[in-house]
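**Q** Have a look at this prediction, sequence included:
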Amino acid sequence: MKLANYVADKWVEGSGPGTPLVDPVTGDELARISSGGADLKAALDFARTQGGPALRQLTYGLRG
């Protein structure tokens, strides 16, 4: 199973084979993850225009 990334308000599957995520007890591979091909410029823009303002509207307790 390959996990998707939530980037700029949408789910995007990374390119390539990805990095295995393993169970620390058994060593079994649980999933793979890759950020290859993710639009990091769009992610940063979304964080600046959407995420930051939304977080600043919350109180310290709500953000925690």
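**A** Yep, that arrived. Numbers count the residues shown, from 1 in each chain.
**Q** Residue 30: helix or strand, and which one exactly?
**A** strand 29-33 (DSSP states H and E).
**Q** likewise residue 46?
**A** Element membership of residue 46, judged by DSSP H and E, is helix 40-46.
**Q** Can you name the residues in contact with the helix or strand following that helix?
**A** Next along the chain after helix 40-46, taking DSSP H and E as the criterion, comes helix 52-56. The contact list for helix 52-56 (Cβ atoms under 8 Å, 6 or more residues apart in numbering) reads residue 63. Where C-beta positions appear, they are placed from N, C-alpha and C, glycine not excepted.
**Q** where's helix 52-56 relative to the chain centroid, distance-wise?
**A** 18 Å (Cα atoms, centre = their mean, to the nearest Å).
**Q** cool, and stretch 6-13?
**A** Distance of stretch 6-13 from its chain centroid, counting by Cα atoms, centre = their mean, is 7 Å.
**Q** mean confidence score for that stretch?
**A** Averaging pLDDT along stretch 6-13 yields 88.
**Q** which residue lies farthest from the center of this structure?
**A** When each C-alpha in the chain is compared with the mean C-alpha position (Cα atoms, centre = their mean), residue 26 comes out farthest, at 25.2 Å.
**Q** quick one, phi psi at that residue?
**A** Dihedral pair for residue 26: phi -100, psi -20, per degrees, to the nearest 10.
**Q** Now do it against residue 3, distance only.
**A** To residue 3, residue 26 is 19 Å away according to Cβ to Cβ, to the nearest Å.
**Q** just residue 34 next, same as before
**A** Distance from residue 34 to residue 3, by Cβ to Cβ: 9 Å.
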